[in-house]
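J.: Predicted coordinates and the sequence they were generated for:
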Amino acid sequence: MKYDFARIAMIVLAFFILSDQYQAFSQETNPVRPDYKEIFGDDYHFALQVIAKNSWWSDTLTGDVLDPAFVLAVIFPELVRYSSIADYIEVKSLEVLYVQYGRDYTDFSVGLFQMKPSFAEQIETDVIKYSLINKFPSLSGLKPDLTESTSCRRERIIRLKDEYDQLLYLEAFIRVMEILYPEIKFQSTDDKLIFYSTAYNTGYYKDEAEIRKEIPRKRFYSGMGSVFVKYSYSDISLDYFLTRKER
């Protein structure tokens, strides 16, 4: 019985360590960074190839006075995950449920940037709220009071499946963040990226304290076959950003 109890205790401990409640070491206390290229393998290379293939992403961001390395680092982990889960999810059925019943019934990730309808709805609302209509006129077309209409939700899904519109949502996210947190004095661009990527992953509408609390947590896993091995989302973003700067 002692052996059985010890074994059970070890299993419970292992599960706790690998659960969402486990916090990673911070960047400052854990200087040894994982080799994400090795960890994610083909999925990591897929993400790099997608960015290289879609050079217009960087060109568009540069034209809009945004740093492509920074902005694409925010969604880089999503590109890694997209490669891994693409074959597991039948999105079409989820689209139908969302269009008919809304985000309270189903809220799922769409496209290469893995954006959820709820995220798009929030961005559309904030584009109007923070007077960004001139910068993103097409995103302000879906008015908040029409959010619950089936035609509006159908149009939103079409947008989320379009790479150009996803890039617009991403740009709008960056602009909204700049408005929401102007008072934060980031120590460096790296520090700013950590905050922004965490906000993108966990919900930018949360307050600063909540977002910062999420930074060290290991919640990111690449796909269906590795749900018990998790990493810090912002750490993967930062790793890509630093690697890109070194080129």
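T.: Nice, I can see it. None of these values were measured; they are calculated from a predicted model. Numbers count the residues shown, from 1 in each chain.

J.: where does this structure dip in pLDDT?
T.: 1-31, 83-107, 140-148, 222-228, 247 (pLDDT under 70).

J.: all helices in it, in order from the N-terminus.
T.: 2-18, 36-40, 42-53, 55-63, 68-85, 91-101, 117-129, 150-160, 163-180, 189-202, 208-214, 233-246 (DSSP state H).

J.: and the third one, how far from the chain's centre?
T.: A distance of 16 Å separates the C-alpha centroid of helix 42-53 from that of its chain, computed with C-alpha atoms, centre = their mean, to the nearest Å.

J.: cool, the second one as well?
T.: With C-alpha atoms, centre = their mean as the basis, the distance from the averaged C-alpha position of helix 36-40 to the chain average is 18 Å.

J.: And stretch 207-225, what's buried?
T.: 211, 214-223 (16 or more other C-beta atoms under 10 Å). (Glycine included, C-beta is placed from N, CA and C.)

J.: The helices of the chain: which one's closest to Leu139?
T.: helix 117-129 (5.0 Å; C-beta to C-beta).

J.: tell me the contacts of the residue nearest the centre of the chain?
T.: Centroid-nearest residue in the chain, with C-alpha atoms, centre = their mean: Asn201, separated by 3.8 Å. By C-beta atoms under 8 Å, 6 or more residues apart in numbering, the contact list for Asn201 reads 77, 214, 219-220, 233-234.

J.: which of the residues you listed sit farthest apart?
T.: Pro77 and Glu214 (13.7 Å).

J.: burial count for Tyr130?
T.: The tally of other residues near Tyr130 (other C-beta atoms under 10 Å) stands at 15.

J.: give me the number of residues near the closest residue to it other than its chain neighbours?
T.: Using C-beta to C-beta, 6 or more residues apart in numbering and skipping the chain neighbours, the partner closest in space to Tyr130 is Ile179 (4.9 Å). For Ile179, the neighbour count with other C-beta under 10 Å is 12.

J.: Ile179 and Ser131 touch, don't they?
T.: No: counting by C-beta atoms under 8 Å, Ile179 does not reach Ser131; the two are 9.1 Å apart.

J.: Pro77 versus Leu48, what's the distance?
T.: Between Leu48 and Pro77 the distance is 13 Å, computed by C-beta to C-beta, to the nearest Å.
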